[in-house]
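> make a model of this:
(one chain, ligands or ions: 2)
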Amino acid sequence: MKIKSANFVMSNSNVAKCPKELLPEYAFIGRSNVGKSSLINMLTQRKSLAKTSGRPGKTQLINHFKINENWFLVDLPGYGYARVSKKDKKTFQKYITDYFLERQQLVCAFVLVDIRHEPQKVDLEFMEWMGENQIPFCLIFTKADKLKPKAIENHVNTYLKALLEGVWEEAPKYFVTSSSNGLGKEELLAFIEDININ
Ligand code: GTP
Ligand code: MG
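Ligands and ions are numbered 1, 2, ... in the order given. Predicted coordinates:
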């Protein structure tokens, strides 16, 4: 799919205030600093459409970006960021969970994990929660530029194995990506296009 336009629409912390249009949307979620905002920029080929930072906790709101005038990409705050206060952590977790539970337009969520890391409890628990609430998601491995091909394969296999040894009977659909070198871009956009036209 060719991205002809990508525009920031709004940021807010209340799912009830998100855009009213009934357009398909795809949301990016995962630990702080995993590369959610960078991936949105990579997919849309807009350098700073979504704000990124080397310091975790950059994205703090629900951000809607309208793509090709007919679907949305949604950038969300990260979870598992220790440096925000307990109270803040609670509020953003609540509006993230509200977003997933209430947003009718959500077609698929992308749960991002850093390909270099062993499966982390917080991510596995989040995916379990998505499953319990029947929220469709795919898994995205980020920062694949940091590993050699053989290591990528090993890390992906270890991850899928951990899911299958846990609560999952079937591994989720997954993508291996790098916002630095564009790996996974075409595959991910083709996946979205396929859903949008069907
Ligand atoms: P929060 O908004 O804080 O939750 O973080 P985020 O998940 O949106 O991460 P962000 O896109 O801001 O990226 C965090 C850091 O990782 C930045 O320094 C990025 O440059 C870096 N980064 C993101 N994706 C990649 C990637 O594919 N490869 C490499 N090498 N670095 C990446
Ligand atoms: Mg971000």
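> in the protein, which helix or strand is least confident?
helix 86-102 (a mean of 80; mean pLDDT, DSSP states H and E).
> which residues are in contact with stretch 184-198?
1, 3, 24, 26, 42-43, 70-71, 107-108, 138, 140, 144, 173, 175-178 (CB atoms under 8 Å, 6 or more residues apart in numbering). C-betas here are computed from N, CA, C, even on glycine.
> those also near ligand 2: which ones?
Among those, no residue is within reach of ligand 2 (CB under 5 Å from the ion).
> filter those residues down to just the ones in helices.
In helices, judged by DSSP state H, the following of the contacts of stretch 184-198 are found: M42, L43.
> and the buried ones among the contacts of stretch 184-198, selectable in PyMOL?
The following PyMOL line selects those of the contacts of stretch 184-198 that are buried, judged by 16 or more other CB atoms under 10 Å:
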select buried, resi 1+26+42+43+71+107+108+138+140+144+175+176+177+178
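> just the ones of the contacts of stretch 184-198 in strands?
Y26, W71, V107, C108, C138, I140, F175, V176 (DSSP state E).
> ok, L73 - how many residues close by?
23 (other CB atoms under 10 Å).
> who touches the nearest residue to it once chain neighbours are set aside in this structure?
Among residues not flanking L73 along the chain, F65 sits closest, at 4.6 Å (CB to CB, 6 or more residues apart in numbering). F65 sits next to A6, N7, F8, V9, I40, T44, L49, A50, F72, L73, V74, D75 when contact means CB under 8 Å, 6+ apart.
> list the buried residues of the helix or strand D194 falls within.
Counting by DSSP states H and E, the element that carries D194 is helix 185-197. Buried residues in helix 185-197, counted by 16+ other CB under 10 Å: K185, L188, L189, F191, I192, N196.
> how about the residues you listed in CSV, adding pLDDT?
Shown next, in CSV, are the buried residues of helix 185-197 (pLDDT from 0 to 100):
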residue, pLDDT
K185, 98
L188, 98
L189, 98
F191, 98
I192, 98
N196, 93
